[in-house]
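> Show me how the following folds:
(one chain, ligands or ions: 1)
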Amino acid sequence: MIADKLAISQARRHKSSVKVTSTRAAERSGHLIESFVNQSSETPLKRVLVVNFSQTGQLSDITAQLIAPLRNAGHTVHLETLQPETPFPFPWPIIDFIDAMPECVQLDAPQIKPLNIALDADFDLVILSYQVWFLSPGLPMTAFLKSPEGQRLINGKPVITLVACRNMWLSAQETMQRLIAEAGGQLRDHIAFTDRGHPLATFITTPRWVLTGKRDRFLGMPPAGVAPGEIQAASRFGRALSDALSKNEEKNGRAMLTGLRAVTVNPRLAISERAGRRAFGVWSKLIRSFGKRGQWQRRPALLVFSIYLIVMVLTVVPTSLLLQWLFSPLLKSRLEGLRAQLELPSGSQEFNLEKYDQ
Ligand SMILES: Cc1cc2nc3c(=O)[nH]c(=O)nc-3n(C[C@H](O)[C@H](O)[C@H](O)COP(=O)(O)O)c2cc1C
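Modelled structure (predicted):
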């Protein structure tokens, strides 16, 4: 914390006299770049808050790839890792896993430990790295966004969201957007990393991963999670963001990470997700009427919900995907419109990939 404060004050001191321009070669070799200094011009060295929570380390690895080019360019990055008062287990016992659903959906988050951020700390940009739990933001991130401290840090700030999950992040992102707006923040960009395995395969490999900790190839299905190459390529967002901050673009109200394939939306999954979200809404209220998280009184209801979930996954989801595929010529223009809308603000275009890829 002291180091961060020191760095923040150093950044402030440099603010009026130093201009830092990143060099790609130095980044690649992993060296600290204070690459280039132009004494006379204004300087845009910025203070960035990154809020993160990850159980397996996958999301932290992606976040680290994004942060490195910012730090290399001289921007000050405070990485805050959220710590629930009572840690969530990993791997998840199945009962705890299912039992988390109602609170995730109803945004009833447990306490997190106080943040390692000075009360008067001020940032130019906030990046929120979160996981999806039951089509909602993971509980630690919900806790942060609903806490007075989190809301103070976001109020009036440009915010970037970064998600890594199986493949269903649309509803969770809608919720994030609402919570960020309620806290007075302005969502500027969204980046989503997903498991590129077939949706039917990841229905097996992702639960296997979170329930057993095993993410390797299984019964011919690919390993669970985001591919290592994609994790590494996340640094392109850091390079682009670093350039944008150096041009004060965080102040102009527009997306800073377009043209980098920040998200790719499968509108067919969006339709399944909406149906799932509605069902989770009903089930979460019903289960909560039996008791609180961890109480045995709600176990029978959780059992019925689990059976419902398995039946849905085995029947309704494939049927819905099949129907959508069969009717896709008729639905094409509607689905394309939906895709364009859901991919905002950062989009799936690639016009800047060459510039910022390794
Ligand atoms: C309780 C729980 C619920 C989850 N629900 C979803 C979900 O609804 N959609 C999804 O795409 N991924 C879901 N996941 C996968 C996570 O988003 C994430 O990819 C996984 O937990 C690994 O995250 P980590 O590497 O940051 O620890 C869920 C994981 C957990 C633990």
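> going forward, measure contacts and count neighbours with C-alpha atoms only.
Will do.
> So which residues of the stretch 1-150 of the chain form strands?
Assignment of strands within the stretch 1-150 of the chain using DSSP state E, counting those that start in this stretch yields the ranges 47-52, 76-81, 125-130, 132-133, 136-137.
> swap in the stretch 201-350 of the chain?
With DSSP E, counting those that start in this stretch, there are no strands along the stretch 201-350 of the chain.
> follow-up on the earlier one: using a markdown table, lay out the strands of the stretch 1-150 of the chain together with mean neighbour count and mean pLDDT.
Below are the strands of the stretch 1-150 of the chain laid out as a markdown table (neighbours: other C-alpha atoms under 10 Å; pLDDT from 0 to 100):
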| stretch | mean neighbour count | mean pLDDT |
| --- | --- | --- |
| strand 47-52 | 23 | 98 |
| strand 76-81 | 20 | 97 |
| strand 125-130 | 24 | 98 |
| strand 132-133 | 20 | 98 |
| strand 136-137 | 26 | 98 |
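> got the residues of the stretch 51-200 of the chain near the ligand?
Within the stretch 51-200 of the chain, the residues that sit near the ligand (C-alpha under 6 Å from any ligand atom) are 54-59, 97, 131-135, 164-169.
> which residues sit in contact with the residue in the stretch 201-350 of the chain that the ligand sits nearest to?
The ligand sits closest to V210 of the stretch 201-350 of the chain, with a gap of 5.6 Å, by C-alpha to the nearest ligand atom. Residues near V210 by C-alpha atoms under 8 Å, 6 or more residues apart in numbering: 90-92.
> F53: neighbouring residues, count only.
23 (other C-alpha atoms under 10 Å).
> doesn't L139 make contact with it?
No. Counting by C-alpha atoms under 8 Å, F53 does not reach L139; the two are 9.7 Å apart.
> buried ones in stretch 140-155?
Neighbour-count burial for stretch 140-155, counted by 16 or more other C-alpha atoms under 10 Å, picks out 140-147, 150-155.
> and the end-to-end length of it?
19 Å (C-alpha to C-alpha, to the nearest Å).
> Now do that stretch: everything it contacts.
With contacts defined as C-alpha under 8 Å, 6+ apart, stretch 140-155 is touched by 52-53, 82-84, 107-112, 122-123, 126, 130, 179-180, 183-185.
> ditto for stretch 86-103
Contacts of stretch 86-103 (C-alpha under 8 Å, 6+ apart): 55-56, 109, 111-112, 133-134, 139, 209-213, 280, 283-285, 287-288, 293-294, 302, 306.
> domain ranges for this structure?
Domain assignment for the chain, taken from automatic domain parsing, gives 2-12+45-265+343-356, 270-335.
> With respect to burial, which of the ones you listed scores highest?
For the domains of the chain, the largest average neighbour count (mean count of other C-alpha atoms under 10 Å) is found in domain 2-12+45-265+343-356, namely a mean of 19.
> tell me the pLDDT at A3?
We have a pLDDT of 39 for A3.
> For Y130, give me its contacts.
So Y130 contacts 52-54, 59, 137-138, 141, 161-164 (C-alpha under 8 Å, 6+ apart).
> Mark which of those residues are part of helices, please.
Counting by DSSP state H, the contacts of Y130 place 59, 141 in helices.
> quick one: which of the contacts of Y130 is nearest to H78?
Nearest to H78 among the contacts of Y130, counting by C-alpha to C-alpha, is N52 at 10.6 Å.
> Isn't the closest one up against P84?
No. With contact defined as C-alpha under 8 Å, N52 does not count as touching P84 (11.9 Å).
> Contact residues of the stretch 201-350 of the chain facing the ligand?
Within the stretch 201-350 of the chain, the positions adjacent to the ligand are V210 by C-alpha under 6 Å from any ligand atom.
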